[in-house]
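> show me the folded form of this:
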Amino acid sequence: MVNGFEHKRIKTKNLPLAWQEEGALEELERFLQNNWEQRSIFYTDEYVTSRQQFIDFDRKGAIKLQNYIGTIIFRGEQLNIFPKVFKEDEDDYDTSDLEVEELINNLVIWLGYCDRLNFPFVSMRSELGSTDNLLELFITVYVYYVKAAIDRQLFFRYEEVTETGSFVKGKIDLRDYSSRKYPAGQWNQLDYTYSSFVFDNQVNRIIKNTCLLIQHLTKQRSSKKVIRDILMKLGDVSNVECTPYDCDSVHLSALHSHYRIILSMSKMFLLNKVTSHDVGMTDTFCFLFPAELLFEGFIGGFMKEMLRGEAKVSMQTSDQYLADLVVDGEVVGNAFQLREDIVVETNDQIVVLDTKYKEIDRFRKVKENKKLHISDSDMKQMAIYAAKRGAKKLYLLYPLHRDEKPESIEIRYDIMLDDGDRKIPLEILKVPFAFGEDVDETKNLLQSILAKVV
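Prediction:
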């Protein structure tokens with residue numbers, strides 16, 4: 001097992017021996033490419049490139065991890081990618097003390113607050129807390145989500161059935177009858193197709209096949225029990241081998257839209273399955289999340305819960321535009337849509353917050369570097385938000401490193417608008433993101449820092 005931080009370069013000689021074999025890294029890149037193309041199962045990032053961005057393989061004698069955290073298991077060997085906030089400080093790259101359990105515990109907490117990720121949490125944080133690896137985490141999520149859907153209502157759907165006989169119902173295949181049946185003397189045998197409202201349908205067959213696969217993978221008794229209950233309820237469904245692409249062929253109505261996530265997760269498990277002599281066993285899977293989305297989603301979700309009843313918290317607001325489009329003197333529409341990470345509205349003010357998953361200087365260095373390594377583009381972006389939204393306060397939020405003490409001094413930049421006649425305060429906050437043993441202590445610290453927003 002190999003541990004690494006985001007953006008870390010790992011020499012090929014330090015990779016697992018199975019990954020150093022001829023052609024192994026090319027095979028790993030192809031596997032990651034497949035997962036990259038299916039990442040919309042859980043999230044939508046801003047990358048438009050078709051080439052996978054999980055790992056940079058274009059390095060001489062090395063690979064470079066990118067800004068995705070989680071676990072890759074390939075040829076039975078495991079690579080864990082930890083968030084950079086787990087470092088003691090920005091120059092710390094020692095991974096010897098990193099524990100996978102810490103990564104899992106943090107992912108459970110972060111995902112529990114994330115609205116931006118299409119992650120099916122169904123009031124089950126207690127069950128998730130008992131998982132001991134990322135594969136178990138996703139199995140737990142899947143089986144409890146399937147259980148909730150089946151308990152709500154068994155899935156029936158109309159499917160076309162083709163039969164042959166003399167008593168016709170539905171649509172006759174006249175071409176087959178005229179070219180094959182009639183010339184062969186089978187004048188009373190007709191192929192016909194009709195729609196039947198069936199329980200043994202493609203959706204349930206995919207779910208059953210996926211449950212049979214993960215039943216052999218999970219070691220958790222609670223998940224095994226839920227899987228047995230699901231398989232019992234799907235007892236009348238045919239047991240057929242399904243592929244990831246079977247999930248793409250299913251079309252769901254709005255009434256059954258909640259099954260889309262189930263099909264997406266089924267596709268993920270089927271995609272990660274590697275055929276072997278041990279039926280149902282796997283030695284390859286990939287679960288990676290973009291760290292920026294986790295940070296933004298966690299902070300936004302935490303604020304929604306913290307300010308419930310006191311303020312309206314909106315995420316990824318996109319109702320403002322930077323400009324009007326004018327053609328031949330006529331305004332024909334808007335252009336350059338703005339998107340604020342978090343907007344907090346109270347009775348008397350609007351506050352805009354932007355999360356930046358970046359490392360900046362400690363505040364005590366402000367006299368040496370007035371910008372604290374905050375980018376010019378981020379500041380200009382906030383000025384535009386202030387002008388367009390009419391915000392009275394602005395905040396830029398950056399993550400603290402694990403075990404890093406919160407800042408004891410206040411840093412604020414007054415943004416000048418209207419030729420300096422109006423100033424909007426923009427405060428810089430560094431907030432805890434990495435959780436240690438005392439989760440409540442970290443949450444209380446985060447709440448005390450964010451309290452100044454309102």
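> who does the residue nearest to A387 when sequence neighbours are not counted bridge with?
Among residues not flanking A387 along the chain, L417 sits closest, at 5.9 Å (CB to CB, 6 or more residues apart in numbering). Where you see a C-beta, it was placed from the backbone N, CA and C, and this is true even at glycine. Using DSSP bridges, the bridge partners assigned to L417 are R422.
> contacts only, for L417.
Counting by CB atoms under 8 Å, 6 or more residues apart in numbering, L417 makes contact with 383, 386-387, 423-424.
> L353 too?
Contacts of L353 by CB under 8 Å, 6+ apart are 299, 303, 340-344, 394-397, 453.
> dump these to CSV, plus neighbour count.
Shown next, in CSV, are the contacts of L353 (neighbours: other CB atoms under 10 Å):
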residue, neighbour count
I299, 24
M303, 23
E340, 23
D341, 23
I342, 22
V343, 22
V344, 23
L394, 24
Y395, 24
L396, 24
L397, 24
V453, 20
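> which element is the residue of the chain positioned farthest from its centre on?
Distance from the centre of the chain peaks at G185, with 59.4 Å (CA atoms, centre = their mean). If you go by DSSP states H and E, G185 is not part of any helix or strand.
> from S178, how far off is it?
Remark: distance between G185 and S178 (CB to CB, to the nearest Å) = 13 Å.
> so which bits of stretch 320-330 are buried?
Buried residues in stretch 320-330, counted by 16 or more other CB atoms under 10 Å: Q320.
> what's the span of stretch 180-200 from first residue to last?
30 Å (CA to CA, to the nearest Å).
> next helix or strand past the helix or strand of the chain with the lowest mean pLDDT?
Scoring the helices and strands of the chain by mean pLDDT, DSSP states H and E places helix 125-128 at the bottom, with a mean of 47. Later in the chain than helix 125-128, the nearest helix or strand by DSSP H and E is helix 134-152.
> helices along the stretch 301-450 of the chain, start to end?
Per DSSP state H, counting those that start in this stretch, the stretch 301-450 of the chain carries helices over the ranges 376-389, 439-450.
> cool, the stretch 101-250 of the chain as well?
In the stretch 101-250 of the chain, the segments counted as helices under DSSP H, counting those that start in this stretch are 125-128, 134-152, 174-176, 202-215, 221-233, 244-248.
> phi, psi of L234?
The main-chain torsion angles of L234 are listed as degrees, to the nearest 10 and equal phi -100, psi 30.
> can you pull the contacts of the residue nearest to it when sequence neighbours are not counted?
Among residues not flanking L234 along the chain, K208 sits closest, at 4.7 Å (CB to CB, 6+ apart). Shown in contact with K208 (CB under 8 Å, 6+ apart): 230-231, 234, 237, 239.
> and H256, by the same measure?
By CB under 8 Å, 6+ apart, the contact set of H256 is 155, 157.
> which residues of the stretch 51-200 of the chain score low on pLDDT?
Applying pLDDT under 70 to the stretch 51-200 of the chain flags residues 89-90, 115-134, 161, 170, 194-195.
> all strands for it, in order.
Assigned by DSSP state E, counting those that start in this stretch, the stretch 51-200 of the chain shows strands spanning 55-59, 62-65, 68-74, 77-82, 157-165, 171-172, 190-198.
> okay, the ones you listed, which one's buried deepest?
strand 68-74 (a mean of 23; mean count of other CB atoms under 10 Å).
> what packs against that one?
When contacts are defined as 3 or more CB pairs under 8 Å, 6 or more residues apart in numbering; DSSP states H and E, strand 68-74 sits against helix 24-37, strand 77-82, helix 100-113, helix 134-152, strand 285-290, helix 291-306.
> now render the ones you listed as a markdown table, adding distance to A18.
Shown next, in a markdown table, are the helices and strands packed on strand 68-74 (distance: least, CB to CB, whole Å):
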| stretch | distance to A18 |
| --- | --- |
| helix 24-37 | 7 |
| strand 77-82 | 5 |
| helix 100-113 | 19 |
| helix 134-152 | 18 |
| strand 285-290 | 15 |
| helix 291-306 | 27 |
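> quick one: closest of these to L217.
Minimum separation from L217 across the helices and strands packed on strand 68-74 (CB to CB) falls at helix 134-152, 6.5 Å.
> quick one: the closest one to helix 221-233, angle?
Relative orientation of helix 134-152 versus helix 221-233 (axes from the mean of the first three to the mean of the last three CA atoms, to 10 degrees): 40 degrees.
> over to the residue farthest from the centre of the chain: give its phi and psi.
Here is the backbone geometry of G185 (degrees, to the nearest 10): phi 80, psi 10.
> what's the distance between the residue nearest to L234 and C242?
Applying CB to CB to K208 and C242 gives a distance of 9 Å.
> same thing with L338?
43 Å.
> the two: who's more crowded?
Neighbours per residue, other CB atoms under 10 Å: of L338 and C242, the larger number sits with C242, 20 against 15.
> so what pLDDT did that one get?
In this model, C242 is scored at 91, pLDDT.
> now swap in the one 3 residues further on and tell me
Among the per-residue scores, Y245 holds a pLDDT of 83.
> for burial, what's the neighbour tally of it?
For Y245, the count of nearby residues is 10 (other CB under 10 Å).
> pLDDT below threshold where in the stretch 201-350 of the chain?
The model of the stretch 201-350 of the chain has pLDDT under 70 over residues 272-283.
> how about a cut-off of 90?
216-223, 243-290, 293, 297, 309-311, 314-324, 332-341, 346-349 (pLDDT under 90).
> my read: G76 touches A18, true?
Yes: counting by CB atoms under 8 Å, G76 does reach A18; the two are 6.6 Å apart.
> from A62, how far out is W36?
Remark: distance between W36 and A62 (CB to CB) = 20 Å.
> just I109 next, same as before
Relative to A62, I109 is positioned 32 Å away (CB to CB).
> ok, the nearest residue to P290 once chain neighbours are set aside - contacts?
Leaving aside its sequence neighbours, P290 sits nearest to D45 (CB to CB, 6+ apart; 5.1 Å). Counting by CB under 8 Å, 6+ apart, D45 touches 39, 290, 292-293.
> and the residues you listed, which two are furthest apart?
For the contacts of D45, the maximum inter-member distance is 13.7 Å, found between R39 and E292 (CB to CB).
> and K370, how far from E427?
Per CB to CB, K370 is found 15 Å from E427.
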